[in-house]
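Undergrad: what would the 3D arrangement of this be:
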Amino acid sequence: MWAVVWATAIWALSVVCARAEPAAATSEVVYALKSGAAWRPPPLASSRSPRTTPGTTLPAFRVKATIATDARTLFELFMNTDVMETWAFGISDAQLVRQLTEGADLLYLYGDTPWPVRDRDMVVVRVGEMSADGQPFRAIWHCISDSSVPPRKDMVRVTSCDSEFLLRRIDAGSTALDYRVSIDPAGALPEWARRWFARKAPSETLASIVQRVKQMSERAGATTP
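TA: Predicted structure coming up:
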């Protein structure tokens, strides 16, 4: 049963919210993909969250927490591809496919899953938004299909995932995080296993974020004279 833990966090996707509204132009951007499809970031999430993952019966989840760091540091953590595997539970490797705009890119994410469960991968549009006054606001991850990254025969391609991280500055040393996620791990997994990791992902990802921020703070303190 532990073998499927992996998929849980995989896609700990997305990031940010200050009190100010985002620049109007941000939500108007449409990201054209090589497949010929296009995707537009959704409007700012309301206080109500979807109860299921789109196109499935799997539950969607929302968790809130206060993170002991400033909003900009947290935002930069979420937007740093090189360290994604340190906090996004279940992600073994993350690669930049290409930059879409200044604040958006296309990522390839891979999860090394213990046998006998097949490894998973996904292609994600990641968007980082700033508020009109230049403060970190939110990050969004959305699974897409893109012809530049075709499915691999040795992996199961995850095609349904959405994550949104909203950040709100509390003070110089703390940030309110509102994390919403829905994911279908795909593949021939039993229904109980799919529901188990879909439910587990938010809490495991949040725990990893808290631990990563703690490590960053400890290292910063150790180098301060």
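Undergrad: the helix ranked longest in the chain: which residues count as buried?
TA: Using DSSP state H, we find that the single longest helix of the chain is helix 191-223. Judged by neighbour count (16 or more other CB atoms under 10 Å), helix 191-223 contains these buried residues: 193-194, 196-198, 200-206, 208-210, 212-213, 216. In short, each C-beta sits where N, CA and C put it, glycine included.
Undergrad: over stretch 213-224, what's the mean pLDDT, rounded is fine.
TA: Taken as a whole, stretch 213-224 has a mean pLDDT of 80.
Undergrad: how about stretch 159-179?
TA: Confidence for stretch 159-179, expressed as mean pLDDT, is 91.
Undergrad: now stretch 92-107
TA: For stretch 92-107, the mean confidence score works out to 92.
Undergrad: apart from its neighbours in sequence, what residue is nearest residue 169?
TA: Leaving out its chain neighbours, the residue that sits closest to residue 169 by CB to CB, 6 or more residues apart in numbering is residue 71, at 4.6 Å.
Undergrad: so for the one you found, what's the pLDDT?
TA: 92.
Undergrad: residue 138 is in contact with that one, correct?
TA: No: here residue 71 lies out of contact with residue 138, judged by CB atoms under 8 Å, at a distance of 10.5 Å.
Undergrad: quick one, phi psi at the residue nearest to residue 169?
TA: phi -60, psi -40 (degrees, to the nearest 10).
Undergrad: that one: neighbour count?
TA: Around residue 71 there are 25 other residues, counting by other CB atoms under 10 Å.
Undergrad: same check, this time on residue 135
TA: Each residue near residue 135 was counted by other CB under 10 Å, and the total is 19.
Undergrad: any idea how far it is from residue 71?
TA: Going from residue 135 to residue 71 by CB to CB, to the nearest Å gives 7 Å.
Undergrad: same check, this time on residue 203
TA: In this structure, residue 203 lies at 22 Å from residue 71, with CB to CB as the measure.
Undergrad: repeat for residue 214
TA: To residue 71, residue 214 is 17 Å away according to CB to CB.
Undergrad: same check on residue 85?
TA: Here the criterion is CB to CB. By it, residue 85 lies 23 Å from residue 71.
Undergrad: and if you look at residue 186?
TA: In this structure, residue 186 and residue 71 are 33 Å apart, going by CB to CB.
Undergrad: what segments of this structure are helices?
TA: When secondary structure is read from DSSP H, the chain shows helices at 5-9, 71-78, 191-223.
Undergrad: the last one vs helix 71-78, what angle?
TA: To tie it back to what came earlier, the one meant is helix 191-223. Between the direction of helix 191-223 and that of helix 71-78, the angle (axes from the mean of the first three to the mean of the last three CA atoms, to 10 degrees) works out to 120 degrees.
Undergrad: by contact count, what packs against helix 191-223?
TA: Under the contact definition 3 or more CB pairs under 8 Å, 6 or more residues apart in numbering; DSSP states H and E, helix 191-223 sits against helix 5-9, strand 61-67, helix 71-78, strand 174-184.
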